[in-house]
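>>> Sequence and computational prediction follow.
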Amino acid sequence: MKPETTKADYLFADELFGRLVWFVRLRWVAVAGLVAASLIGPFLGLPGVWPALLVVGSCVAALNIFFANHLGWRSRRDRPYENLRSCAVRQIVADLAALVVTAHFTGGLQSPALFFFAFHMAIGTIILPTRTMYIVAACTSGAMFAVYILELTGVLAFHPLDPHRGMCGAACQFNMPAFIFALVGVVALTDSVTSRFKKRNVKLWETTQELRQSTGELQRTLEQVETVEQRKSHYMRISAHQLRSPLATVRTSLQVLTEGFVEPGTDRGRKLLDGALERVDDLLVTVNGLLDLAKIREGRARAPWIREVNVNQLLADILDALQPLAAARDIRLVPEFEGVVILDWGVPPDLIYAF
């Protein structure tokens, strides 16, 4: 059996639309055949086909115009699979109804038009779910059986292929089971072939969707990596500046002392040395930050990650640490916090360094 209608079935919408358009074009050939049979039949000894088949052909032509306009309207709008499938069911049912009437006027169960029932069963199984076509086959068989009974009882006039012969009698009793078996057999045989292709197409569609999803995830990952690389470059530039400034200060202080411009034992000399020591401490903080960054890149297990990091508390600790330095320079630090910020996961020392 064919797969049930799922989201994957919508990949068959374009294919189904194309087959329905082809079906409409092919139906014009059937209309021409019905009209020709209606006109030529009386000359071949089939008086019952005129004007019956002409009327049937006219009805089929009118329905075909409706189906063609319906599909033309659909071609300019969205074509959901469910709507197209309903349209296909209506077309198949209309064609089979016309075939039942045609068979009645061309010999009943002896009609050469019986071949076209099998043709429609095959086409219907290709474009519709198998379960639907089994139901259609059962209804078609029931309709033909009803026509046979009505002809047998005289309710409907029998139109034999040979005007000199009546109904086929006992032979038709075997024609009816053969007709039913043929319809069901064509549906089963066609499904055994098409269902494999249907499943493969669904599998291909699912694989394509998974590939698209994986491609999207990979693209997002690459964007995240690019963002991280940009941030890393920015961090390295900042770190380079933080290293260069203290080193330049230390070098200048040492140069002033070594060249004898200031004696190390004087107040000014000690102030230069204290400034150099402070700059060295800043250098150590920067170097430690770089080492911690390397640990973070190696994985969370090697960095002091904790959950529920209170950013407000970290900022308060930073202000407390800077308070002596600010006081020495007559700077007043006034903390102002709006709300409480909690990080689900973080490394407090690195956050302190970042601030």
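Sure, I can see it.
>>> show me where pLDDT drops low in the stretch 151-300 of the chain?
Within the stretch 151-300 of the chain, the stretches with pLDDT under 70 are 162-172, 292-300.
>>> can you check the stretch 1-150 of the chain too?
For the stretch 1-150 of the chain, the stretches with pLDDT under 70 are 1-11, 46-48, 73-79.
>>> Recalculate using a threshold of 50.
By pLDDT under 50, the low-scoring segments of the stretch 1-150 of the chain are 1-6, 8, 76.
>>> How are the helices of it distributed by residue range?
With helices called from DSSP state H, counting those that start in this stretch, the stretch 1-150 of the chain shows them at 13-40, 52-75, 81-105, 114-127, 130-153.
>>> Verify the assumption that Asp344 is located in a strand.
Yes. Asp344 sits within a strand when classified using DSSP: H, G, I helix; E, B strand; the rest coil.
>>> Pull up the per-residue confidence for it.
Predicted confidence (pLDDT) for Asp344: 77.
>>> Next, Thr266: phi, psi?
Here is the backbone geometry of Thr266 (degrees, to the nearest 10): phi -80, psi 170.
>>> Relative to Val193, how far out is Arg332?
For Arg332, the distance to Val193 (CB to CB, to the nearest Å) stands at 87 Å. All C-beta atoms are positioned from the backbone trio N, CA, C, and that covers glycine.
>>> one step back: mean neighbour count and distance to His234 added to the helices of the stretch 1-150 of the chain, as TSV?
Listed next are the helices of the stretch 1-150 of the chain as TSV, based on neighbours: other CB atoms under 10 Å; distance: least, CB to CB, whole Å:
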stretch	mean neighbour count	distance to His234
helix 13-40	16	49
helix 52-75	17	54
helix 81-105	20	51
helix 114-127	20	60
helix 130-153	17	62
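>>> For Thr252, find the nearest of these.
When these are compared by CB to CB, helix 13-40 sits nearest Thr252, at 75.9 Å.
>>> distance of Gly265 from Gly275?
16 Å.
>>> Of these two, which one has the most company?
The neighbour count for Gly265 versus Gly275, taken as other CB atoms under 10 Å, is higher for Gly275 (15 against 8).
>>> Leaving out the residues flanking it, which one is nearest to the more buried one?
Closest residue to Gly275 apart from its sequence neighbours, by CB to CB, 6 or more residues apart in numbering: Ser253 at 6.0 Å.
>>> Would you mind measuring from that neighbour to Asp267?
Ser253 sits at a distance of 14 Å from Asp267 (criterion: CB to CB).
>>> and if you look at Gln230?
Separation of Gln230 from Asp267 (CB to CB): 47 Å.
>>> ok, now Ser58?
Ser58 is 119 Å from Asp267, by CB to CB.
>>> what do you get for Val35?
Val35 is 121 Å from Asp267, where distance means CB to CB.
>>> One more: Ala30?
Separation of Ala30 from Asp267 (CB to CB): 114 Å.
>>> ok, now Ser245?
Per CB to CB, Ser245 is found 25 Å from Asp267.
>>> Can you say which helix or strand has the most centrally placed residue in the chain in it?
The centroid of the chain falls nearest to Gln209 when counting by CA atoms, centre = their mean (5.7 Å). Under the criterion of DSSP states H and E, Gln209 resides in helix 170-258.
>>> Surely Met121 is in contact with Ala188?
No. Met121 lies out of contact with Ala188 (CB atoms under 8 Å); the separation is 9.8 Å.
>>> List the single closest residue to Ala118 in space, sequence neighbours excluded.
Nearest one to Ala118, counting by CB to CB, 6+ apart, is Val186 at 4.8 Å.
>>> what about that neighbour, distance to Ile180?
11 Å.
>>> Compare these two (neighbour count), which wins?
Ranked by neighbour count (other CB under 10 Å), Val186 and Ile180 place Val186 first, with 21 against 17.
>>> Tell me who's in contact with the more buried one.
118, 121-122, 125 (CB atoms under 8 Å, 6 or more residues apart in numbering).
>>> Nearest to Leu315, out of these: which one, please.
Once CB to CB is applied, the member of these that ends up nearest Leu315 is Thr125, at 72.2 Å.
>>> contacting residues for the closest one?
By CB under 8 Å, 6+ apart, the contact set of Thr125 is 133, 186-187, 190-191, 194.
>>> Pipe these into CSV and attach distance to Glu338 per row.
CSV is the format used below for these (distance: CB to CB, whole Å):
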residue, distance to Glu338
Met133, 69
Val186, 77
Val187, 72
Thr190, 72
Asp191, 69
Thr194, 67
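>>> farthest pair in those residues?
Val186 and Thr194 (11.9 Å).
>>> ok, the residue nearest to the centre of the chain to His159 distance?
Separation of Gln209 from His159 (CB to CB) stands at 55 Å.
>>> swap in Pro324?
To His159, Pro324 is 115 Å away according to CB to CB.
>>> The two: which is more packed in?
A direct count of neighbours by other CB under 10 Å for Pro324 and His159 places His159 higher, at 20 against 9.
>>> for that one, phi and psi?
With angles defined as degrees, to the nearest 10, His159 sits at phi -120, psi 90.
>>> Understood, closing this out.
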